[in-house]
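1. Pasting the sequence and the predicted coordinates here, then a few questions.
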Number of protein chains: 2
Amino acid sequence: MEKNIYFFGEGNLKMKNLLGGKGAGLNEMTNLGIPVPPGFTITTEVCKYFNEHNKEYPQGLKEEILSSMKKLEEITNKKFGSNENPLLVSVRSGAAVSMPGMMDTVLNLGLNDESVVGLAKKTSNERFAYDSYRRFIQMFGNVVMGIEHKYFEEILDNKKKTRGVEYDIELTVNDLKEVINEYKNLFLEKIGKEFPQNPEEQLFLSIEAVFNSWNNERAIIYRRLHNIKGLLGTAVNVQAMVFGNTGENSGTGVCFTRNPSTGKNEFYGEFLINAQGEDVVAGIRTPIEIIELKKIMPDVYEELVSIGNKLEKHYKDMLDIEFTIEDKKLFILQARVGKRTAKASVKIAVDMEKEGLIDKKTAVLRVNPEQVNQLLHKQIDYLAKQKTRVLTKGLPASPGAAVGEVVFSALDAEEKAKQGKKVILVRLETSPEDIKGMAVSEGVLTVRGGMTSHAAVVARGMGKCCVVGAGEIVFDEKNKSFSVNSQEVKEGEIISLDGNTGEVFVGALPLVEPEISEDFKKILSLADEFRKLKVLTNADTPHDARVARDFGAQGIGLCRTEHMFFEGNRIVAVREMILSETKEERKKALAKLLSMQKNDFIGLFKVMKKLPVTIRLLDPPLHEFLPKTNEEIQEVSENMGVPPSKLIEKIEQLKEVNPMLGHRGCRLAVTFPEIYEMQAQAIIEAACELKQEGYDLKPEIMIPLVSSEKELRLVKEVVENKVKEVLEKNNVKLEYKIGTMIELPRAALTADEIAREAEFFSFGTNDLTQTTFGFSRDDVGKFIPEYLENDIIERDPFQVLDVNGVGKLVKMGLELGRKTRNDLKAGICGEHGGEPKSIEFCHKIGLDYVSCSPYRVPIARIAAAHAAIKQEE
Amino acid sequence: MEKNIYFFGEGNLKMKNLLGGKGAGLNEMTNLGIPVPPGFTITTEVCKYFNEHNKEYPQGLKEEILSSMKKLEEITNKKFGSNENPLLVSVRSGAAVSMPGMMDTVLNLGLNDESVVGLAKKTSNERFAYDSYRRFIQMFGNVVMGIEHKYFEEILDNKKKTRGVEYDIELTVNDLKEVINEYKNLFLEKIGKEFPQNPEEQLFLSIEAVFNSWNNERAIIYRRLHNIKGLLGTAVNVQAMVFGNTGENSGTGVCFTRNPSTGKNEFYGEFLINAQGEDVVAGIRTPIEIIELKKIMPDVYEELVSIGNKLEKHYKDMLDIEFTIEDKKLFILQARVGKRTAKASVKIAVDMEKEGLIDKKTAVLRVNPEQVNQLLHKQIDYLAKQKTRVLTKGLPASPGAAVGEVVFSALDAEEKAKQGKKVILVRLETSPEDIKGMAVSEGVLTVRGGMTSHAAVVARGMGKCCVVGAGEIVFDEKNKSFSVNSQEVKEGEIISLDGNTGEVFVGALPLVEPEISEDFKKILSLADEFRKLKVLTNADTPHDARVARDFGAQGIGLCRTEHMFFEGNRIVAVREMILSETKEERKKALAKLLSMQKNDFIGLFKVMKKLPVTIRLLDPPLHEFLPKTNEEIQEVSENMGVPPSKLIEKIEQLKEVNPMLGHRGCRLAVTFPEIYEMQAQAIIEAACELKQEGYDLKPEIMIPLVSSEKELRLVKEVVENKVKEVLEKNNVKLEYKIGTMIELPRAALTADEIAREAEFFSFGTNDLTQTTFGFSRDDVGKFIPEYLENDIIERDPFQVLDVNGVGKLVKMGLELGRKTRNDLKAGICGEHGGEPKSIEFCHKIGLDYVSCSPYRVPIARIAAAHAAIKQEE
């Protein structure tokens, strides 16, 4: 015969499938001799039987439950329904996987007109007893019997109105008794039966409700959406209630085995004397620090600390423990792995590894790579934030925090920054021309755009706090102000941004500086022991490259050369190039850019030394370099001595309906090969110069937006001819590679062909996500929120790589590419290169590297280690 | 021992691999007893040997060649190098596959200072002989020895200048002799050796040159580009020259076994007495109709006709025969399948099938589906066109021809059309608002856009002549004029368009009306016997549906509902809907559209009866329905009583960076489900009404732009709930389907998941091409020409389905979809649905149907039959 019921201690942690997560934990603790309030678990097998047999229990189950209750009465020396010393129980569901949507909890089951008297006696608190009874009827009526909440609330509200009071707590015992009567009437009216006074009936109805809730709609949808399969059902835990409010010898609290904020190895927590758990949550009384318990009840404190130590050793992690003291007797209600700050997680992992409690791999796994972000950026002070009203909320595009004066143009930003002012650049959206203004700002706020809009990508690259897509903002560039719900913010006013949450505040909030501790360095070096993926960086300037190297980047995976086109007065030469009517004119303009680009590369090469530097040739459409507004056109026209009409004509001529799918990337080189020739020349001349100075360089030239082998071959020939020409002229021998971005579906689908011409692949998952989904990253803001809300997509695919669709293409592209060239070097350089889940996927499919913005390099190192360790296991 | 040389008649047509195409043909004809000038073929094996053995011949080859030459001398009774009756030969390359880039032909080989005298005697034409000698030195020097053409031309030009004459023909025999001397000097200077007087040396050098040309760069590139593999090399054909200019008993001509223009079964052709082939080509003398030959040389004529009959019976096709008569002796120089008009190809196929010459399958295969287009549309009179200067050339977006007054706006088009004028609408590009104007125009001309731009797609749908992307045009909408290279065309002036070539002419050219003959109907019905693919149509109006049915469409594969939103004053309701601030307002506006859409569907259903009608729910982004220019905004504002500022705000709010990848398709239904609800209601109410009248309907509702299963599920639920509601309300039972477009890479990649929710797939290869390549069809005009020129792409992928990339996705999507749902109905409805090569692919991968614009239905029927027959074979 199957065992249907496990009295706490008969099972253990390994029996999660049978006992559910909660049940297995309570059994395990009981086994360890931890003073858990006694109880028992009805198995998931019973739930399965129940649902498969037309809501009937297996034979004999009722009797088993009743005899288990008897055992509970004996152990607790209390009696179910007693008016002296009543046994009250909680009934909780608990499947192997935590699952919202199922029935959760019924507390204080066993209360009735009799036992409420017993509870009053026992706690010497009549008000508490009747309030508990009222709450029990409400909870039971709602959760178990399905009576809508609002009916109970109505009764309570009416009572408060009649009594002229505002809060529940102001109702007297008599008031509560009247409410209880009205609740019972409501119950009768809605259910057609009296509220059950018999505790056993209460119990069986509750157990049935738990089993039924396994197949309610919300639970089914939840399982479908989260692809949870193969579970039998939910278990039911019936556990004796204990009371922390029976007097001055009782109490309740929460403690942590180590400090969850700093990670320091110290017992930490707080408690309340003569209180129930809900008093702690309600926040009416201020809890006392746990160390005070040592003075009040030294034995209990010692026991608690020793239980903490025992549990920590057993679970090998910092634990969050809920406890109740009933008449000087300590009960542990729950122990679970404790939440902690990034700083604490790092310190605890390093300490525990040193203490020999966990091994190196576990230490690395204990640090959540995403959370590590906190350690790399400024934060708004937690408490200050709690007290400040949020003005509006956008998307958290780049982490950190910023405080500064509002400016509305890149030029204003530069000017004010020169005056030593800290500024926050607010724009409708940013364009490459804003880059200098962004660079001098503390933070950037845009009204439009998504997580991979221009502002977001550039700010992340700069490690600069950025909030995008704050659509509530009404933007008034002319009057240099913006407003949210008619609250106006003018130029010069100070605002604060939280790049981790997307929140915007008016005024200056205090910031907390980031700190890279020795512990953090230790975790990173442990991570490096395990990871297989190389971590490269996306960097366009020597400064970014330096930051990334300091964070451990192993090369540059993506240098976007177009960013260099905006520096200083280069843009003038770029515009001359664009306005050229003939190839000769174009070459003349390009010649002006040559030495500047060359110096850029020299700067990068000097920082990266012999690490690989992958340089992507010009990618954006040419119209991005032309002025946009009439004022800008006027200005450029004057600067260049070109009539505005010519500029306007060119702008009109280059206008595109869908620039993302237009004349850009290597398509530019098919029509204007001289652009790539200039860039190749600049790269190789830079390399030759340094090579002659003794540097050992490995430049890699990357051709973007390739869609076919023939296209790559043609453009590669243009580049390679120039490379060979420069090398010959300088009489230098150089190791170099020419490869391509795989960022269009067709490139991935025909990667076997493309690999014939490409020495390396870099999967550009930003563009690949745009084309695979047909989502313009600049426009998805209009519908992505609804998509997330409706669970159509679980996560923004521009943040977390879409494994099923885009990932399938990446995998296919990699496999096809390696079929042609088995030593093909391949990685990704989209925004996903710094995102842990995406990194895990990159590891699984066997990419060689990920490349991410400098500030995400440490995150990627840890995430890559996680992926490797998890796969090994 | 291998046989290295086949004397004509020793080989046959099946030996193409060994003898090359040309050699095999000459052997075959000789076998048939056709009087081919004698000669021999050196095999491709020899070429292979030569190239693999350091340019050496197989042992004994030279001797074999010389003895073959002896045999030639004997048969012709002429002598190589003779000054009396010289044997001259041609040397031609000829691989199994025709291949530009290889050395082609050397004529009159054997001429030297001696034999030129013989030729003069033989032809009694000294001038001809010396001119032939001059040409031979030039051809030999250039083709065989690689001396650049320009040097020879220089000498000739100088001579003409010195003599003060304009044409070659004006040079005297003495002039030619001087030129010959100068040519010889040039030869000596460039080659370092005298021009070879020895005919044998000339021969061997020529043969070697042919073998060498197999591996020259152009030939290698050609083979690589066209994926020609597995060939041994080229053969060499050495053939005796015959002369049609030896006197009045000689001549030369070209004839066809049937009339290549009408297809009539009559001997057809023309000839010249006392002439060489080049005289016919030069067009100096006017050829005589072949029937005249009957009078002049009745025996030769009879022989020629009987050879024509024999060859036609042998090759089972209409042939194009080149012949020469030398002293009353007839020689056939070449016989190949003759080119013909569409009309002729249809008539010849039908006649030959009736005559029992070919079977039904062959008859169908004989009609080129693309060429059939000519039969369905007006054409510009061929001769008139030849005489008229082309103003400019755009892309041939929609076939046919049009003549009309130029108008510059859709409204002007409507107005003038009302006055009974024929107009041609000229626009920068068209938008959905122009549709009514397009409908009343004879043709449409746009400055921008590619083969699948709005104008192109809509015009093809309407079967209306259209030229797009005529980029040379400078467009001046304000002054209602346009100009090309400063030639101005004003409103009201008449132009003519050729939609088959993209040519634009000033003035009214005469048009030829299309004609659907009984023969054509016969071919279509034969095609239907063989094809497996169903042919549906893309139609949005009862008129289009009717046209398509008349052309044999088996249902509507794509009805674009958005086109209905522009009819009459519906656009006002659509705009009200877009300007709505709340769901209620939106529903109110949609309610106005409901009955109109319902009537649209009733119209379509009535035409299609029980054939399937697939209706795509709203696809384009909402901003497409809003006014664009300030004038339009003003007008709409007045019409609707809405302030312009509100319109501008909405336009600004809906603006997208990449509308193609933006808020459109089913994404609209995720944010505004009420739009699809209205459409579903209109469809089902229409169906219910007709069902009650006794119609047997099968509406299919198609959800566009789906990227994931969850998205489709959500939108499908919205639609299905409405469908069920309407059916219940009307108490009607109806067979209906809900399916989806597969037009995004992610949809194809996850088609197994999507098929769980979709009852049918329609591959939208237009959008799929855009996203797979990352090509915006509205913007590719900027670089596609260079891509075609550089052979990066062989054909515009928006015209011919890209099998390697887009096709791979379609195949994958189909296979994955059928894995989930093995009875999944699937087809394509992009522009490719009417393109023969794409249709062949659709057949191969096992799609159920193609859907194309009405005027392409006949083309698709034939193409589908071709695909099925070819696969069977």
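-> The structure has been received and is ready for your questions. It should be emphasised that the depicted structure is a prediction, and the values quoted were computed from it without experimental measurement. Numbers count the residues shown, from 1 in each chain, chains lettered A, B, ... in the order given.
2. Just checking, which helix or strand succeeds the longest helix along chain A along the chain?
-> Of all segments of type helix in chain A, defined using DSSP state H, the longest is helix A:583-608. Counting by DSSP states H and E, the next helix or strand C-terminal to helix A:583-608 is strand A:613-616.
3. in the following helix or strand past that next one, what counts as buried?
-> The helix or strand immediately downstream of strand A:613-616 is helix A:630-640, counting by DSSP H and E. For helix A:630-640, the neighbour count (16 or more other Cβ atoms under 10 Å in any protein chain shown) marks A:633, A:636-637 as buried. (Each C-beta comes from the backbone N, C-alpha and C, glycine too.)
4. Likewise for stretch A:459-476?
-> Within stretch A:459-476, the residues that qualify as buried are A:459-471, A:473, A:475, counting by 16+ other Cβ under 10 Å.
5. which one is A:Lys837 nearest to, not counting chain neighbours?
-> Once flanking residues are discounted, A:Lys837 sits nearest to A:Val800: 5.1 Å by Cβ to Cβ, 6 or more residues apart in numbering or on different chains.
6. again but with A:Ile516, I slipped
-> A:Ile516 sits nearest to A:Leu375 (Cβ to Cβ, 6+ apart), 6.6 Å away.
7. tell me the SS of the residue in the stretch 351-500 of chain A positioned nearest to chain B?
-> Minimum separation of the stretch 351-500 of chain A from chain B (Cβ to the nearest Cβ) falls at A:Glu429, amounting to 8.7 Å. At A:Glu429 the chain is in coil, as set by DSSP: H, G, I helix; E, B strand; the rest coil.
8. now swap in the one 10 residues further on and tell me
-> Using three-state DSSP, the structure places A:Ala439 in helix.
9. Look up how far A:His543 lies from the closest residue to it other than its chain neighbours.
-> Nearest non-adjacent residue to A:Ala439, counting by Cβ to Cβ, 6+ apart: A:Met462, 6.4 Å away. From A:Met462 across to A:His543, the span is 9 Å (Cβ to Cβ, to the nearest Å).
10. repeat for A:Gly805
-> Counting by Cβ to Cβ - A:Gly805 and A:His543 are separated by 36 Å.
11. Comparing these two, which residue is more hemmed in?
-> A:Gly805 (25 against 14; other Cβ atoms under 10 Å in any protein chain shown).
12. Touching, the more buried one and B:Ala748? I think so.
-> No: using Cβ atoms under 8 Å, A:Gly805 makes no contact with B:Ala748, being 9.3 Å away.
13. Which residues are in contact with the residue nearest to A:Ala439?
-> Applying Cβ atoms under 8 Å, 6 or more residues apart in numbering or on different chains, one finds that A:Met462 lies in contact with A:398, A:438-439, A:544.
14. Scan the residues you listed and report the most crowded one.
-> Busiest of the contacts of A:Met462 [other Cβ under 10 Å] is A:Ser398, holding 29 neighbours.
15. partners of that residue in the sheet?
-> A:Cys466 (DSSP bridges).
16. That one touches A:Cys466, doesn't it?
-> Yes: contact criterion Cβ under 8 Å: A:Ser398 and A:Cys466 qualify, at 3.7 Å.
17. can you list residues touching both of those two?
-> Common neighbours of A:Ser398 and A:Cys466 (Cβ under 8 Å, 6+ apart) are A:444, A:456, A:459-460, A:499.
18. could I get these as a markdown table with distance to chain B?
-> Compiled in a markdown table, the shared contacts of A:Ser398 and A:Cys466 are given as follows (distance: Cβ to the nearest Cβ, whole Å):
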| residue | distance to chain B |
| --- | --- |
| A:Val444 | 18 |
| A:Ala456 | 14 |
| A:Ala459 | 18 |
| A:Arg460 | 19 |
| A:Gly499 | 23 |
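19. could those go into CSV alongside distance to B:Gln770?
-> What follows is the shared contacts of A:Ser398 and A:Cys466, written out as CSV (distance: Cβ to Cβ, whole Å):
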residue, distance to B:Gln770
A:Val444, 32
A:Ala456, 25
A:Ala459, 30
A:Arg460, 29
A:Gly499, 35
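20. just curious, which of those residues is nearest to B:Gln554?
-> Proximity of the shared contacts of A:Ser398 and A:Cys466 to B:Gln554 was ranked by Cβ to Cβ; the top entry is A:Ala456 with 49.9 Å.
21. Need the phi and psi values for that closest one.
-> The phi/psi pair for A:Ala456 (degrees, to the nearest 10) reads phi -60, psi -50.
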